[in-house]
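Asks: Structure here, sequence nowhere to be found:
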DNA sequence: CATAATGAGTGGTTGAACCAGTTGTCAAGG
DNA sequence: CCTTGACAACTGGTTCAACCACTCATTATG
């Protein structure tokens, strides 16, 4: 009952967010937004902990996360250096980058450059799923298709967007490949996160459920080519719409 | 001059490694090796800090890293729960997994499943590099090719293996795609790490320098197909050798 | 002029205390 | 008997103050 009580302070802490997370998020935003450039040195831990009104230990836990995100590098006695995350980052930075980066044009380019790799990885998932899917996997895929059909029936883009992740997760399961799953995880997570915030990016015109149904049928018949065709038919149209939407103007924030 | 002094204790600390890193590495190994299964709860922070002879604050910094590696999940008041990293992990776990996992057969399967995604991502890099490479990129690629030729002249697999990373990095640079670079980073890092520990995995028979030379020539002429052919010629042979080597027996530790 | 000592600044580590959620226990009240 | 609520015993979250260890620029020293 006391959960709705707000905390005042220079940095409004979201509900349930710990001080550590708040500091991490703040520094993450500062770096991705370019307030600290590559090669630059962060202020000392004592100074930062004073600035963010957190103890030095808490501040350090946040720094540890920054380090693990390849945003900074720490050397004993020398301080914390900001890395060039464009060079050193991983796909886990996609979400934060799309949220915090200042240059809207660059963000659009990143989004555009995301489309092909995503399509390629899904194609690889299909190829492996065709070889390795078990009956249980087919059941899960069937359920995901059904969920997509139900979502599409509501006519709500957000519902369809929400149905995409279970479908892709089922595909990942069916591929039975650890490396592929590990490669796909940050990408799917970022896309899911993006669609959750901007559901209007989910296209309604090429039918999502027809696409998934087509892929599933292809897989069941062992006809990978048919599955890939269904996949491409959807993405060629959907991705083209995205390219058109992203090219001219920027995006909206949540 | 005092750097070679060893520290005694139940956990020998590698040179220059901090207590935090030692604890992180130990817990990482324990989880990846399966000593703590998915869903299981880790001992409390107080207990762990006693076990590893580190203060609770230091221990917590290590846990923060485990959390960021998707190995554990922490909830206030409830403890630290081990996640199913096979499901939740990312490519950054490749190195630790290949180093610490117990099941040699599973590790071999992971290595095998790595070959195709790697080839695919390099093909994507080629496609983009063909469109986007600048004169500076070509210079860097040329230097990488030269380094490969020099390495090959020594006849030392380790030297050739060490020459592979700069080549791939130059390719990544030339592709000018943040998402692709971010996807490639953990993969290339894991492969580089692997080859550094097991250089005999680097094949000498399909000439590495001929491959890179062929790719570079193709790129310069804008002939992507030729570049891809050179790439595939190398990898078809090299990867097949790897598959043959990995299928029967296990691997050796460094 | 080369070299060694120094000191200031940095991150690394410690231990104790306290705050804050979560959960099971158990007695009071229905 | 069952429900309810206070409580106790966990758990992680946070803070503080002090000290250790490393790096580097300065300065004294040979």
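Replies: Here it is on my side, so go on. Computed from a predicted structure; not experimentally measured.

Asks: Does the residue nearest to the spatial centre of chain A lie in a helix or a strand, and which?
Replies: Most central residue of chain A, judged by C-alpha distance to the mean C-alpha position with C-alpha atoms, centre = their mean, is residue A:190 at 0.4 Å. Residue A:190 is part of helix A:178-197, with elements assigned from DSSP states H and E.

Asks: Which parts of the stretch 101-250 of chain A are helices?
Replies: Assigned by DSSP state H, counting those that start in this stretch, the helices in the stretch 101-250 of chain A fall at A:104-132, A:135-154, A:157-175, A:178-197, A:208-220, A:224-246.

Asks: quick check, the helix holding residue A:190 touching chain B?
Replies: Yes. Interface with chain B: helix A:178-197 contributes A:178, A:179, A:180, A:181, A:182, A:183, A:185, A:186, A:187 (C-beta under 8 Å from any C-beta of the partner chain). The way it works is simple: take the backbone N, C-alpha and C, and place the C-beta from them, glycine included.

Asks: picking up where we left off before, which stretch among the helices of the stretch 101-250 of chain A comes nearest DNA strand D?
Replies: Judged by C-beta to the nearest atom of the strand, the one of these that comes nearest to DNA strand D is helix A:178-197, at 20.9 Å.

Asks: Give me the distance from that closest one to the chain's centre.
Replies: Its chain's C-alpha centre lies 5 Å from the corresponding centre of helix A:178-197 when counted by C-alpha atoms, centre = their mean, to the nearest Å.

Asks: ditto for stretch A:236-243
Replies: The mean C-alpha position of stretch A:236-243 is separated from the chain mean by 18 Å, C-alpha atoms, centre = their mean.

Asks: so for that stretch, what's the average pLDDT?
Replies: Confidence over stretch A:236-243, taken as the mean pLDDT, stands at 88.

Asks: Contacts made by it with the rest, please.
Replies: Stretch A:236-243 has contacts (C-beta atoms under 8 Å, 6 or more residues apart in numbering or on different chains) with A:111, A:112, A:115, A:119, A:201, A:203, A:205, A:206.

Asks: Can you lay out the residues you listed as a markdown table showing pLDDT, distance to residue B:106 and neighbour count?
Replies: Output for those, formatted as a markdown table (pLDDT from 0 to 100; distance: C-beta to C-beta, whole Å; neighbours: other C-beta atoms under 10 Å in any protein chain shown):
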| residue | pLDDT | distance to residue B:106 | neighbour count |
| --- | --- | --- | --- |
| A:111 | 93 | 36 | 20 |
| A:112 | 93 | 37 | 16 |
| A:115 | 93 | 33 | 17 |
| A:119 | 95 | 29 | 18 |
| A:201 | 86 | 38 | 18 |
| A:203 | 88 | 39 | 20 |
| A:205 | 87 | 43 | 8 |
| A:206 | 90 | 39 | 16 |
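
Asks: Residues of chain A that sit close to DNA strand D?
Replies: A:18-20, A:53-58, A:61, A:75-78 (C-beta under 7 Å from any atom of the strand).

Asks: Mind doing that once more with 6 Å?
Replies: Where proximity means C-beta under 6 Å from any atom of the strand, the interface of chain A facing DNA strand D comprises A:18, A:19, A:20, A:54, A:55, A:57, A:58, A:76, A:77, A:78.

Asks: Excluding residues flanking it in the chain, which one is nearest the second one?
Replies: Nearest non-adjacent residue to residue A:19, counting by C-beta to C-beta, 6 or more residues apart in numbering or on different chains: residue A:54, 5.0 Å away.

Asks: mind listing what that neighbour touches?
Replies: With C-beta under 8 Å, 6+ apart as the criterion, the residues that contact residue A:54 are A:19, A:20, A:23, A:62.

Asks: Among the residues you listed, which one lies nearest to residue B:141?
Replies: For residue B:141, the nearest member of the contacts of residue A:54 is residue A:62. The distance, counting by C-beta to C-beta, is 38.9 Å.

Asks: Looking at the contacts of residue A:54, which are in helices?
Replies: A:19, A:20, A:23, A:62 (DSSP state H).

Asks: Put together a markdown table for these, with distance to residue B:42, neighbour count and pLDDT on each row.
Replies: Written out in a markdown table, the entries for these read as follows (distance: C-beta to C-beta, whole Å; neighbours: other C-beta atoms under 10 Å in any protein chain shown; pLDDT from 0 to 100):
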| residue | distance to residue B:42 | neighbour count | pLDDT |
| --- | --- | --- | --- |
| A:19 | 22 | 18 | 92 |
| A:20 | 18 | 19 | 94 |
| A:23 | 24 | 26 | 97 |
| A:62 | 21 | 25 | 97 |
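
Asks: Checking the residue of the stretch 1-150 of chain A found nearest DNA strand D next. Helix, strand or coil?
Replies: Among residues of the stretch 1-150 of chain A, the one nearest DNA strand D by C-beta to the nearest atom of the strand turns out to be residue A:77. It sits 2.5 Å away. Secondary structure of residue A:77, reduced to three states by DSSP: H, G, I helix; E, B strand; the rest coil: coil.

Asks: Give me the mean pLDDT for stretch A:125-142.
Replies: Computed over stretch A:125-142, the average pLDDT equals 96.

Asks: still on that earlier bit, for the residues of chain A next to DNA strand D, which one is nearest residue B:213?
Replies: Within the set of these, residue A:78 lies nearest residue B:213; the separation is 40.9 Å, counting by C-beta to C-beta.

Asks: Now that we're looking at the closest one, what pLDDT does it have?
Replies: Spelled out, the predicted local distance difference test score at residue A:78 is 95.

Asks: So what's the residue count around it?
Replies: Residue A:78 sits with 9 neighbouring residues when counted by other C-beta atoms under 10 Å in any protein chain shown.

Asks: Also residue A:236?
Replies: Residue A:236 has 12 neighbours, counted by other C-beta under 10 Å.
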